[in-house]
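below are the sequence and a predicted model; questions follow.
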Amino acid sequence: MLRRPCGLFALALLGAVPAAAQRPAIPPDARVEKVFAGGFFLEGPAAAPDGSIYFSDITNPPASGWQLGHIWRYDPLTGAARIYRSPSGQSNGLEFDAQGRLVAAEGANWGGRRITRTDLATGRATALAMAFNGRAFNSPNDLTIDELGRVWFTDPRYSGPETIEQPVQGVYRVDPDGTVTLVIADAGKPNGIAFAPDQRTLYVAVNDNGATGPLPAGVRARPGLSAVLAYDVAADGSVHLRGPLVEFRTGGPDGIAVDTEGDVWSSVASAQQPSVCTWAPDGRELGCIAVPEVPSNVAFGRGAERSTLYITARTGLYRVRVGRAGYHLPATPAVRPD
């Protein structure tokens, strides 16, 4: 099945860019381009070493004829997209490690509720984390990988009929030896996650909608904290809350990415003004991009597209050229047994 570019959307700047900036984070002539359409609920874009973009399509099984999620691969050179894996285990966040292997956070709603890693050369997948203290995870949502090869992932619950077994909606760290550690339990309802380029700051997007699943018509929950939090990271992998980079009164952050200058980019899930915004490490807003659909996640391309920001937004995949280059893990050749 092929999907090709579907048109252009004008850019709207919602936030002011500091006059002192030599290069604006969002150029005045930037344009948001739709490159894929027809997903159920798109999430987790990630740039592969070859420059292609992998992203998740989270299906609602009862409403989709019991489809159990897909992972798509989009080729920026041809504009074509094909399903790479189906079912996906209801994968959400995706990331490539330093050896070019695809790491996926598989969520609930008839999904895997685990972290897996796939060797693209062989197609073989390995489970990195399947439970904590003998109990299934809530619904692994998003992940990031540090330069020591440790996988950090968020574990909230937004939907799914499975029993919730963990006492908190936390953030976990998976060490290279397979040890799984709960490192953050004070973030409320963590969602997106990303490291600063210097590896000393971990950013966690918090979007507490007040519920762990759909509510009856006319019944509303009280939302909790909505913010991007900054955590100091110690050499041993422990973390300490520094405080919010930014807090939201309406809407909330979802997926996040960082550029080489340390700026943080986040999708802002607001029905009133769907957008992607960026902040400097000191919390200054550098600008916002209007998106035609409510966005879910963001990721920078690679190579010639390192300054292209990819955005998953409900049913579509979008891209926009920005004034920053994305940060990616330094490549490390895989060590294979003889």
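Arrived safely, thanks for sending.

who's in contact with stretch 57-70?
The contact list for stretch 57-70 (Cβ atoms under 8 Å, 6 or more residues apart in numbering) reads 39-43, 56, 71-72, 83, 85-92, 107, 109-111, 159. Bear in mind the C-beta positions are built from the backbone N, C-alpha and C, glycine included.

list the buried residues in that stretch.
57-61, 67-70 (16 or more other Cβ atoms under 10 Å).

and that stretch, end to end?
In terms of Cα to Cα, to the nearest Å, the two terminal residues of stretch 57-70 are separated by 5 Å.

chain center to it: distance?
What separates the centre of stretch 57-70 from the centre of its chain is 20 Å, taken as Cα atoms, centre = their mean, to the nearest Å.

report the mean per-residue pLDDT for it.
When pLDDT is averaged along stretch 57-70, the result is 94.

and the end-to-end length of stretch 57-71?
Distance across stretch 57-71, first residue to last, is 6 Å (Cα to Cα).

again, but for stretch 130-139
For stretch 130-139, the separation between the terminal residues is 11 Å (Cα to Cα).

ok, and what's touching it?
With contact meaning Cβ under 8 Å, 6+ apart, stretch 130-139 is reached by 92, 107-109, 111, 113-115, 129, 155-160, 162, 164-166, 169, 172, 180, 182, 212.

narrow the residues you listed to those in strands?
Mapping the contacts of stretch 130-139 onto strands (DSSP state E) picks out 92, 114-115, 129, 172, 180, 182.

report the buried members of the residues you listed.
The neighbour-count test (16+ other Cβ under 10 Å) marks 92, 114-115, 129, 172, 180 as buried among the ones in strands among the contacts of stretch 130-139.

what's the farthest-apart pair in those?
For these, the maximum inter-member distance is 18.0 Å, found between N92 and V180 (Cβ to Cβ).

quick one: buried ones out of the contacts of stretch 57-70?
Neighbour counting by 16+ other Cβ under 10 Å classes 39-43, 56, 71-72, 85, 87-92, 107, 109-111, 159 among the contacts of stretch 57-70 as buried.

circling back to that earlier point, want to throw the buried ones among the ones in strands among the contacts of stretch 130-139 into CSV with distance to V246?
Conversion of those to CSV gives the following (distance: Cβ to Cβ, whole Å):
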residue, distance to V246
N92, 23
R114, 31
I115, 27
A129, 29
Y172, 24
V180, 30
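
direction included, what does the strand or helix carrying I71 pair up with?
For I71, the host element (DSSP states H and E) is strand 70-74. For strand 70-74, the pairing partners within the sheet under DSSP bridges are strand 53-57 (antiparallel), strand 81-85 (antiparallel).

ok, W265 - contacts?
For W265, the set of contacting residues under the criterion of Cβ under 8 Å, 6+ apart consists of 256-259, 276-278, 298, 309.
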